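Q: Got a sequence here, can you build the structure:
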Amino acid sequence: MLELYHDWSSFCSIKVRLCLAEKNLAWQSRFVDLMKLDQLKPDYIVLNPNAVVPTLVHDGRAIWESSFINEYLDETFPDVPLVPKDPFAKARMRYWVKYEDDVLHP
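A: Here you go, the predicted model:
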């Protein structure tokens, strides 16, 4: 069972939802209303001590940070691979992920 704790307008949450859609994975939505500061509630902090979205819970284990979640999904569910096999293409993919994390997101 995949549970995604997310806000519909969060860019990082969108990134994970796109990965889930590309891989055709079923998931349960757990809405975290950032405008109501739901991410600061004690039960959410237990899942994600960084108090941000998204958080993926798979079989009772929590993973946070959207890029790491997407890597986890790609490795755990290898059908419809999203990471290129070619090392050069994989490096270029990682540049774009890093660019999104370090430049676009902030």
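Q: The most centrally placed residue in the chain: what's its closest spatial neighbour, skipping adjacent residues?
A: Nearest to the mean C-alpha position of the chain, by CA atoms, centre = their mean, lies residue 66 at 3.2 Å. Of all residues not flanking residue 66 in the chain, residue 12 sits nearest, at 3.9 Å (CB to CB, 6 or more residues apart in numbering). C-beta here means a position set from N, CA and C on the backbone, and glycine is covered the same way.
Q: Tell me the backbone dihedrals of residue 87, please.
A: phi -60, psi -40 (degrees, to the nearest 10).
Q: ok, now which ones touch it?
A: Under the criterion of CB atoms under 8 Å, 6 or more residues apart in numbering, residue 87 has no contact partners.
Q: Helices of the chain, start to end?
A: 11-22, 42-47, 66-76, 87-99 (DSSP state H).
Q: okay, and the helix or strand of this structure with the least pLDDT?
A: helix 87-99 (a mean of 94; mean pLDDT, DSSP states H and E).
Q: just how off-centre is it within its chain?
A: Centroid separation between helix 87-99 and its chain, computed with CA atoms, centre = their mean, to the nearest Å, is 17 Å.
Q: One more: stretch 81-93?
A: Worked out by CA atoms, centre = their mean, stretch 81-93 lies 19 Å from the chain centre.
Q: And it, end to end?
A: One end of stretch 81-93 to the other measures 13 Å (CA to CA, to the nearest Å).
Q: what's the answer for stretch 82-92, then?
A: Across stretch 82-92, first to last residue, CA to CA, it's 13 Å.
Q: And that stretch, what's buried?
A: In terms of neighbour count (16 or more other CB atoms under 10 Å), stretch 82-92 has no buried residues at all.
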